[in-house]
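>>> Structure for this input, please:
(one chain, ligands or ions: 1)
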Amino acid sequence: MKKRVFLVVLDSVGIGELPDAADFGDAGANTMKSISKSSNFDIPNLISLGLGNIDGIDYLPKSDSPKAAFGRLGEVSIGKDTTIGHWEIAGLISESPLPTYPEGFPDDILEEFSRQTGRGWLCNKPYSGTEVIKDYGREHLETGKLIVYTSADSVFQIAAHESLIPPEELYDYCRKARAILKGKHAVGRVIARPFVGEYPNYTRTSNRHDFSVEPTGRTLLDILKDADRDVIGVGKIYDVFAGRGITEKILTGANDIGMKTSLELANRDFDGLCFINLVDFDMVYGHRNDVDGYAKALSEFDAWLPQFLGKLRDDDIVMITADHGCDPGNVSTDHSREYIPLLVYGKNIKNTNLGTRKSFSDIAATIADILGADYDAAGVSFADDILLQKDDNNEMTQQLICAAKEAMKAAYAPYSGYKVGAALLTKSGRIYTGCNIENAAFSPTNCAERTAFFKAVSEGERDFEAIAVCGGKDGIISGYFPPCGMCRQVMREFCADDFKIHLIGAQGDYKTLTLEQLLPYSFSQKEIEN
Ligand code: THU
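I've put the predicted structure just below:
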């Protein structure tokens, strides 16, 4: 059976500072919050998937019944760049950040580079890409020396005029630099930056080329490729993984081309992963602190989304996430250490609240799990939390959830104030509801679940399929309300191990557990009979 997973990385669309953000100089950073204030910000489709329901997001509207599973993920790796973020999404944790060179590259590196290229160097400082060609372009053309510069990112960039050094020759110099920059000097990317024109109107050409460092360990991409699955890299994915584990690359550049390509891929057969990066959020707007441009770009993605989701087949899964932040609303133009959002959508996905998860790498573990590949990289799979069981009937579950919420209204709870509702589904398809009924003597209190069970049993029912339960102070659902021990024991009496308990969450979501999970090693009729 062919399965397709589309993993879409909205580059730099973080959703708020990680607990250690201050160590990275990013206290208070929140990319999504900053752009949400722009008048260009209009993302109804992401909202309906459940973006606003994610933990920690209190500045976006919430959906009553989000269409996707949703959560936020923290970064375990020490870093906040594209490479380290994507690697962690793919199950590779980096213990140390990629090296940066705020003071320029060490002499021994540049001397070796100069020896191998036969050319000297200019600049060797962090510099803006457009300024560096203006300030050093003429000297470069006069002397033949290469313009070497860096940025706040882990990059070794070489600018050269195309009339003096054709792009192919420049790429060759980049390969030499790539081979020299090893071990503690393994920079994320060596970048060829060709330019053309006359001073002072030099312009950079589209012949930019990135030479990335190879992942330092095994990733989901290697795992899937080894398992004979397709791994299609769209946008800069091929570069970020230095080609490792990719079976097909499609370079796209701007967001609109990336989105158009994604639509084409949705029409195509493949078996495995389509890993898409949309780079403009970061490259064009984040680094330039362009709040309105950033908001417009996300709104454009949002407007494109229904068309894409509409093309999905029954077994397809789409994950929408990010790789770090780049808050355009604060003074920094650098990346920011933020949580990333995660929305998981598909016909077989239920709208679970995944809460706050420790590592981006849970995405990789989950994708491997869904695609049935043996996984030996970092991360914890949440596939069981989001996949509808084969026999799960989503429509019936939604009906049960509504019935439980309705039943909660009748709760008689003058003493505790906690109102609880339950809706019990029989195998024959009938629904029995119940609420909690308290008593001044306290102990005669009956829970909602037992009310539903006893109503059903007293009507002659004996075979049960599932129960949905909700509850909260004054009838306001603020989180899952799991059945008490006594109710579990009653379930045990009448239900099999695979009886399903749907716990209704605060965000229109629900989480399904089996009786086996709720009450393992339980005492039942069997023990008496034996
Ligand atoms: N309650 C239920 O209805 N179901 C449970 O499984 C746990 C507790 C009710 C009993 C009481 O009226 C109130 O919640 C507070 O304990």
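
>>> nearest residue to residue 148 other than its sequence neighbours?
The shortest distance from residue 148 to any non-neighbouring residue, by C-beta to C-beta, 6 or more residues apart in numbering, is to residue 121 (4.5 Å). For glycine as for every other residue, the C-beta is placed from the backbone atoms N, C-alpha and C.

>>> before we move on, what about residue 240?
For residue 240, ignoring the flanking residues on the chain, the nearest one in space by C-beta to C-beta, 6+ apart is residue 86 at 4.6 Å.

>>> and residue 292, which of the three is it?
Assigned by DSSP: H, G, I helix; E, B strand; the rest coil, the conformation of residue 292 is helix.

>>> Go ahead and confirm it touches residue 36.
No: at 11.9 Å, residue 292 does not count as touching residue 36 under the criterion of C-beta atoms under 8 Å.

>>> Of those two, which one has the most company?
Applying other C-beta atoms under 10 Å to residue 292 and residue 36 shows that residue 36 carries more neighbours, namely 18 against 15.

>>> Tell me the spacing between that one and the ligand.
Distance of residue 36 to the ligand, given as C-beta to the nearest ligand atom, to the nearest Å: 37 Å.

>>> any idea of the mean pLDDT in stretch 172-185?
Per-residue pLDDT values over stretch 172-185 give a mean of 96.

>>> do the same with stretch 523-530
Stretch 523-530 comes out with an average pLDDT of 84.

>>> Show residues contacting it.
Contacts to stretch 523-530, defined as C-beta atoms under 8 Å, 6 or more residues apart in numbering, come from residues 489, 492, 493.

>>> will you turn the residues you listed into CSV that also has secondary structure?
Converted to CSV, these look like this (three-state DSSP):
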residue, secondary structure
489, helix
492, helix
493, helix
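
>>> shaky segments in the chain?
Low-confidence segments of the chain, defined by pLDDT under 70: 390-393, 530.

>>> Report the central residue of it.
In the chain, the centroid-proximal residue (C-alpha atoms, centre = their mean) is residue 321; its distance is 3.0 Å.

>>> Now do the contacts for that residue.
Residue 321 makes contacts with 7, 8, 9, 10, 73, 89, 340, 341, 342, 343, 360, 363, as judged by C-beta under 8 Å, 6+ apart.

>>> what helix or strand is the last one on?
Think residue 363. For residue 363, the enclosing helix or strand under DSSP states H and E is helix 362-371.

>>> And for the first one?
When elements are assigned from DSSP H and E, residue 7 belongs to strand 4-10.

>>> partner strands of that strand, parallel or antiparallel?
When pairs are called by DSSP bridges, strand 4-10 turns out to pair with strand 272-278 (parallel), strand 317-321 (parallel).

>>> residues from the chain in reach of the ligand?
413, 416, 418, 420, 436, 438, 445, 447-449, 483-484, 487 (C-beta under 6 Å from any ligand atom).

>>> just to revisit the earlier point, would you tell me which one of the contacts of stretch 523-530 comes nearest to residue 499?
The nearest member of the contacts of stretch 523-530 to residue 499, counting by C-beta to C-beta, is residue 492 at 9.0 Å.

>>> How about exporting stretch 459-470 as CSV, limited to the C-alpha atoms?
Listed next in CSV are the C-alpha coordinates belonging to stretch 459-470 (Å, rounded to 0.1, in the frame of the first residue of the first chain):
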residue,chain,number,x,y,z
GLU,A,459,-32.2,-1.6,29.3
GLY,A,460,-30.7,-4.9,28.6
GLU,A,461,-27.6,-3.8,26.8
ARG,A,462,-24.5,-5.9,27.3
ASP,A,463,-22.1,-5.2,24.3
PHE,A,464,-20.3,-1.8,24.3
GLU,A,465,-18.0,-0.2,21.7
ALA,A,466,-16.9,3.1,23.1
ILE,A,467,-17.5,5.9,25.6
ALA,A,468,-16.8,9.6,25.3
VAL,A,469,-16.3,11.6,28.5
CYS,A,470,-16.0,15.2,29.4
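
>>> circling back to that earlier point, I'd like the contacts of residue 321 written out as TSV, with neighbour count added.
TSV is the format used below for the contacts of residue 321 (neighbours: other C-beta atoms under 10 Å):
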residue	neighbour count
7	24
8	23
9	30
10	26
73	26
89	30
340	29
341	25
342	27
343	25
360	31
363	27
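
>>> Quick check: bridge partners of the residue nearest to the centre of the chain?
On the basis of DSSP bridges, residue 321 is bridged to residue 9.

>>> how near is it to residue 232?
For residue 321, the distance to residue 232 (C-beta to C-beta, to the nearest Å) stands at 17 Å.

>>> circling back to that earlier point, same for the next helix or strand after the helix holding residue 363, what does it pack against?
As assigned by DSSP H and E, the chain's next helix or strand after helix 362-371 is helix 383-386. Under the contact definition 3 or more C-beta pairs under 8 Å, 6 or more residues apart in numbering; DSSP states H and E, helix 383-386 sits against helix 362-371.

>>> can I get the CA coordinates of the helix it packs on in PDB?
What follows is helix 362-371 as a C-alpha-only set of coordinates in PDB (Å, rounded to 0.1, in the frame of the first residue of the first chain):
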ATOM      1  CA  ASP A 362       9.300  13.400  17.300                       C
ATOM      2  CA  ILE A 363       8.200  14.300  13.800                       C
ATOM      3  CA  ALA A 364      10.800  12.000  12.200                       C
ATOM      4  CA  ALA A 365      10.000   9.100  14.600                       C
ATOM      5  CA  THR A 366       6.300   9.500  13.800                       C
ATOM      6  CA  ILE A 367       6.800   9.600  10.000                       C
ATOM      7  CA  ALA A 368       8.900   6.500  10.200                       C
ATOM      8  CA  ASP A 369       6.200   4.800  12.200                       C
ATOM      9  CA  ILE A 370       3.500   5.800   9.800                       C
ATOM     10  CA  LEU A 371       5.500   4.600   6.800                       C
END
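
>>> Show me the domain layout of the protein.
As assigned by automatic domain parsing, the chain contains the domains 4-95+214-386, 107-211, 394-529.

>>> Just say which of these is most tucked in.
Greatest average neighbour count among the domains of the chain goes to domain 4-95+214-386 (a mean of 21), per mean count of other C-beta atoms under 10 Å.

>>> What is the three-state secondary structure of the closest residue to residue 513 other than its chain neighbours?
Distance criterion C-beta to C-beta, 6+ apart; nearest residue to residue 513, sequence neighbours excluded, is residue 501 at 5.0 Å. Secondary structure state of residue 501, per three-state DSSP, is strand.

>>> Now do the contacts for residue 501.
Residue 501 makes contact with 466, 467, 469, 482, 483, 491, 512, 513, 514, 515, 518, according to C-beta under 8 Å, 6+ apart.

>>> Likewise for residue 156?
Contact analysis of residue 156 by C-beta under 8 Å, 6+ apart lists 101, 105, 148, 150, 177, 181, 187, 189, 190, 191.

>>> From the ligand, how far off is it?
61 Å.

>>> Would you map the helices across the stretch 101-250 of the chain?
Residue ranges of the helices in the stretch 101-250 of the chain, as given by DSSP state H, counting those that start in this stretch, are 107-117, 129-143, 167-180, 220-226, 237-240.

>>> Make JSON lines from the ones you listed and add distance to residue 96 to it.
Formatted as JSON lines, these follow (distance: least, C-beta to C-beta, whole Å):
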{"stretch": "helix 107-117", "distance to residue 96": "18"}
{"stretch": "helix 129-143", "distance to residue 96": "26"}
{"stretch": "helix 167-180", "distance to residue 96": "19"}
{"stretch": "helix 220-226", "distance to residue 96": "21"}
{"stretch": "helix 237-240", "distance to residue 96": "18"}
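
>>> and the residue nearest to residue 245 when sequence neighbours are not counted, what is it in contact with?
Excluding its sequence neighbours, the residue lying closest to residue 245 (C-beta to C-beta, 6+ apart) is residue 221, at 2.7 Å. Residue 221 makes contact with 90, 231, 233, 241, 244, 245, 246, 273, 275 under the criterion C-beta under 8 Å, 6+ apart.
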